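Student: how would this look folded up:
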Amino acid sequence: MPTVLIIDDDYATRAALETLLKKKRFCVFLAPDGPTGIRLIGSVSFDAVVIDMFMPGMDGIATIRELIKIDPTVPFIAISGYAFTDKKQGAPDFLGMAIKLGATAALQKPFDILDLLEAVDRAIEVRQQLLVEARQPGSAATSVRKAS
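Tutor: Numbering: from 1, shown residues only. The predicted structure follows:
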């Protein structure tokens, strides 16, 4: 059974995603913030992580950077209530930054349930590729993530 971590400061979002993913037979862990999620990543093997970009304290980008340091084979999906932004607007493009850091998908809330499920399935496939690649001598496990 694939294991997914949801890191989001919004209780309703965590609960809704947990219900959806459990119905699809995923094992689901929940974290209300980046530090809690990072502790879980250090102790549980996840097939995918869903990370909110805007959280108090440690935001999604900082959480992603720590996740990559701990386990570069864990694929992640960035979610945000804010759209991809244009540099002319002066606001940072957090979903775009997450893609540059290797996110397998970036979804703007509210997103379609099927889009999320497709993103999780794709992340699990990437995880399997990364694990196979990591076992091969002389190959960098993060190259599949960048190519996805």
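
Student: check contacts around A98.
Tutor: I51, M53, G60, I61, I64, F76, A78, A106 (CB atoms under 8 Å, 6 or more residues apart in numbering). Placement of C-beta: from N, CA and C, glycine included.

Student: no no, P2
Tutor: Neighbour list for P2: F26, C27, D47, A48, V120, I124 [criterion: CB under 8 Å, 6+ apart].

Student: Need these in CSV (columns: neighbour count).
Tutor: Formatted as CSV, those follow (neighbours: other CB atoms under 10 Å):
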residue, neighbour count
F26, 20
C27, 14
D47, 22
A48, 26
V120, 25
I124, 19
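
Student: which ones among the residues you listed are found in helices?
Tutor: Within the contacts of P2, residues falling in helices by DSSP state H are V120, I124.

Student: Reformat the contacts of P2 as a markdown table; add pLDDT and distance to T36.
Tutor: As requested, these are exported to a markdown table (pLDDT from 0 to 100; distance: CB to CB, whole Å):
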| residue | pLDDT | distance to T36 |
| --- | --- | --- |
| F26 | 97 | 19 |
| C27 | 97 | 17 |
| D47 | 95 | 19 |
| A48 | 97 | 17 |
| V120 | 97 | 20 |
| I124 | 95 | 22 |
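
Student: Nearest to R135 among the contacts of P2?
Tutor: Nearest to R135 among the contacts of P2: D47, at 16.4 Å, using CB to CB.

Student: surely the closest one meets M1?
Tutor: No. If you go by CB atoms under 8 Å, D47 and M1 don't touch, sitting 9.2 Å apart.

Student: shared neighbours of those two, anything?
Tutor: By CB under 8 Å, 6+ apart, no residue touches both D47 and M1.

Student: hang on, the earlier thing: please identify which of the contacts of P2 is nearest to K69.
Tutor: Closest approach to K69 among those (CB to CB): A48, at 17.8 Å.

Student: Please list all residues in contact with the nearest residue to that closest one once chain neighbours are set aside.
Tutor: Excluding the flanking residues, the one nearest A48 by CB to CB, 6 or more residues apart in numbering is A123, at 3.7 Å. By CB under 8 Å, 6+ apart, A123 lies in contact with D47, A48, P75, F76, I77, T104, A105.

Student: how about the strands of this structure, start to end?
Tutor: 3-7, 27-31, 48-52, 76-80, 105-108 (DSSP state E).
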